[in-house]
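J.: Generate a structure from the sequence data that follows.
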Amino acid sequence: MLAVDHGYFLGPTSRLEVPRDTIRPLLPHADAVMLTRGVLRSSVDPGTGTRIVLRVSGGTSIVGGSLADEGITTPMEEALRLNVSAVALSIFVGTEHERQTLLNLSDLASEGERYGMPVLAVTAVGKELEKRDARFLSLCCRIAAELGAHFVKTYYCDGFEKVVEGCPVPVVIAGGPKLATFRDTLQVVRDAIDRGAVGVDMGRNIWQSDHPIAAIKAVRALVHKKASVGEAAEIFERAAAK
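T.: Residues are numbered from 1 along each chain as shown. Okay, the predicted model is just below:
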């Protein structure tokens, strides 16, 4: 899954300033793309065969008081009109807005069951990235599953297999901030899948690369072909050299 929903709280982001230009060449290589309704309408060809995961939570910005103070921004009926494959929202466990975001998830899961729409819960941590340890993420993922999420997106961490074991629905990993080298990114993906992740939802480590198509091809090989880090790195290097 290709994540391009960053603008909903970050605004124009480096190499995602013009979403259409960033998204178009990557769509054929993604199983799904995660974005907002505004970017879907303005920047994605309606005829695309790539599945859409629609972010439906928001209401905050990076310059506001708290990224955790989110609400539902897009009704389920619009997600159905847009013919998306799933809807996504963030939960902020351990923050002052924990209750409202968990109730947002509960309400969305109920609507998802009513309309046959899968719901992705994103275990967000706002600006407090130090919270990304196995104990905390296990708590977040289990709660999300208990409240009705059909699958969960979370961060990779030491002891990640414990996070997966405690979550009764599929887990995908977030790409997170851009890493020092692309090989570091490949290693995280390989380790996560080996420890139980079903896939990845990656953004900046793909489209902020100098060779984004090569990057997404390498990640695909890890997810779908069980490639080693070395094999995926070779795919990246060959594609980047073209």
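
J.: Which element, helix or strand, includes the residue nearest the centre of the chain?
T.: Central residue of the chain (C-alpha atoms, centre = their mean): D201, 3.8 Å from the mean position. Per DSSP states H and E, D201 falls inside strand 199-201.

J.: Need the residues that contact that strand.
T.: If you take C-beta atoms under 8 Å, 6 or more residues apart in numbering as the criterion, strand 199-201 is touched by 1-3, 31, 34, 53, 153, 172-175, 189, 192-193, 219, 223. Using the backbone N, CA and C atoms, a C-beta is placed for each residue, glycine as well.

J.: for the helix or strand just after that strand, packing partners?
T.: Next along the chain after strand 199-201, taking DSSP H and E as the criterion, comes helix 204-207. Applying 3 or more C-beta pairs under 8 Å, 6 or more residues apart in numbering; DSSP states H and E, we find helix 204-207 packed against helix 212-224.

J.: Apply 10 Å and report the result again.
T.: Other helices and strands packing on helix 204-207, by 3 or more C-beta pairs under 10 Å, 6 or more residues apart in numbering; DSSP states H and E, are strand 2-3, helix 19-23, helix 182-194, helix 212-224.

J.: Nearest to R99 among those would be which one?
T.: Ranking the helices and strands packed on helix 204-207 by proximity to R99 (C-beta to C-beta) places strand 2-3 first, at 26.2 Å.

J.: mean confidence for the closest one?
T.: Mean per-residue pLDDT for strand 2-3: 98.

J.: Mind listing residues that contact that strand?
T.: Strand 2-3 has contacts (C-beta atoms under 10 Å, 6 or more residues apart in numbering) with 22-23, 26-27, 29-35, 50, 53, 55, 88, 122, 153, 174-175, 200-207, 212, 216, 219.

J.: do that again at 8 Å, thanks
T.: Residues outside strand 2-3 that contact it (C-beta under 8 Å, 6+ apart) are 23, 26-27, 30, 32-34, 174-175, 201-203, 206-207, 216.

J.: Report the next helix or strand after it in sequence order.
T.: Taking DSSP H and E, what comes next after strand 2-3 is helix 7-10.
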